[in-house]
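Student: any chance you could fold what I've pasted below:
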Amino acid sequence: MTKTGFRKLLAVTARFRGRKIAVFGDMMLDRYVKGSVKRISPEAPVPVVRVTSESAVCGGSANVAVNIAALGAVPTLISVTGRDAAAAEIRALLEASGISPGALVHDDNFPTIEKTRVIAEHQQVVRFDRELPASMTHAARKAALAALDGALKAGCQAVILSDYGKGLLEPATIRAAIEMAIKRGVPVFVDPKVEHFQLYRGVSCLTPNTSEAFGGMRLTQRDGQAAAEKLGREILAKLACRSLLITQGEHGMTLFERAGKAARSTHIAARAREVFDVTGAGDTVISVLALAWACGASPEEAASAANFAASVVVGKLGTASVSVEELLESARSWLKPV
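Tutor: Modelled structure (predicted):
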């Protein structure tokens, strides 16, 4: 990063505080059971984990909201939960992060989604999920859209659609949410699910990883930057998005932008010095991208900021967020010498 680029990043992050961002999508409770392994079970060829700690954090769209709040902005989280203990736990976690749960919709037929990860010696041993996406009612989706409309009327300056395929974002809801935002001139950012990929036409930016990008276009995944470049241009042409950011893990990320009838691409190298866990990194990327964009950054500047933020969270174990100070420190560490 150049000193000029760093000064621009400083100016953008200075505008984060108080910025209103709507987050619309599937949320869940992420549980972590941590322990140590000293032996193999005599009952089956599996490790015996001696539990030393248990914790829970916000997952899915709730983690996006936590990331936005950690950066000093004001997220309006719109999602659906059940009326159960897990929902109460998520509300408490949100309030502890300074996030109002007031826009959450409760559905008696829909149990709150829970994902439990068992981790031993810093390695995930198993994950088990409790979820029934098909049980979400039409009334709950309708109430969520009404809450999004209210958030837009209240002055939200960007909308993030966080699609985990858990029931809220289905074709009719997707179309309604995008139309609602575009009608008010508010940019829309999407972390897509493969099966809904081609429904996200005309959004400001789509942020799939490599696997999601190929899968969303119903193509066999191919390695290499040349394949990613060809794919990115095909996606822009088909979906008529303003931009596309394909995240490529240790290979960084590539931003594609419409330039008249053509498209231009910018590859951004990975910045992580050490990777412990990529869980939730996509949530951080889209949070910083949307927030920086809403604060006046160009798509390339917003993508660069998201890349620096991702380099921080992958160095943390479990679902995590990043502060403005950590983001700037990451960027500062890559300043080019004069």
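Student: now do the helices in the chain.
Tutor: In the chain, the segments counted as helices under DSSP state H are 3-13, 61-70, 85-96, 138-153, 171-183, 210-216, 225-239, 281-294, 299-313, 324-332.
Student: what mean pLDDT does the last one get?
Tutor: Think helix 324-332. Helix 324-332 carries an average pLDDT of 93.
Student: neighbouring contacts of it?
Tutor: Residues from elsewhere that reach helix 324-332 (CB atoms under 8 Å, 6 or more residues apart in numbering): 1, 6, 9-10, 13, 16, 71-72, 271, 288, 305, 308-309, 311-312. C-beta: built from backbone N, CA, C; applies to glycine.
Student: hmm, 10 Å instead?
Tutor: Residues from elsewhere that reach helix 324-332 (CB atoms under 10 Å, 6 or more residues apart in numbering): 1, 5-6, 9-10, 13-14, 16-17, 70-73, 271-273, 284, 288, 292, 304-313, 315-316, 322-323.
Student: before we move on, the earlier item: may I see the helices of the chain organised as a markdown table, with mean neighbour count and distance to residue 122 added?
Tutor: Formatted as a markdown table, the helices of the chain follow (neighbours: other CB atoms under 10 Å; distance: least, CB to CB, whole Å):
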| stretch | mean neighbour count | distance to residue 122 |
| --- | --- | --- |
| helix 3-13 | 15 | 31 |
| helix 61-70 | 28 | 20 |
| helix 85-96 | 17 | 23 |
| helix 138-153 | 18 | 37 |
| helix 171-183 | 17 | 37 |
| helix 210-216 | 20 | 24 |
| helix 225-239 | 17 | 30 |
| helix 281-294 | 27 | 17 |
| helix 299-313 | 24 | 16 |
| helix 324-332 | 17 | 21 |
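Student: okay, those in CSV with distance to residue 159 next?
Tutor: Below are the helices of the chain laid out as CSV (distance: least, CB to CB, whole Å):
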stretch, distance to residue 159
helix 3-13, 19
helix 61-70, 11
helix 85-96, 19
helix 138-153, 7
helix 171-183, 5
helix 210-216, 20
helix 225-239, 17
helix 281-294, 8
helix 299-313, 15
helix 324-332, 22
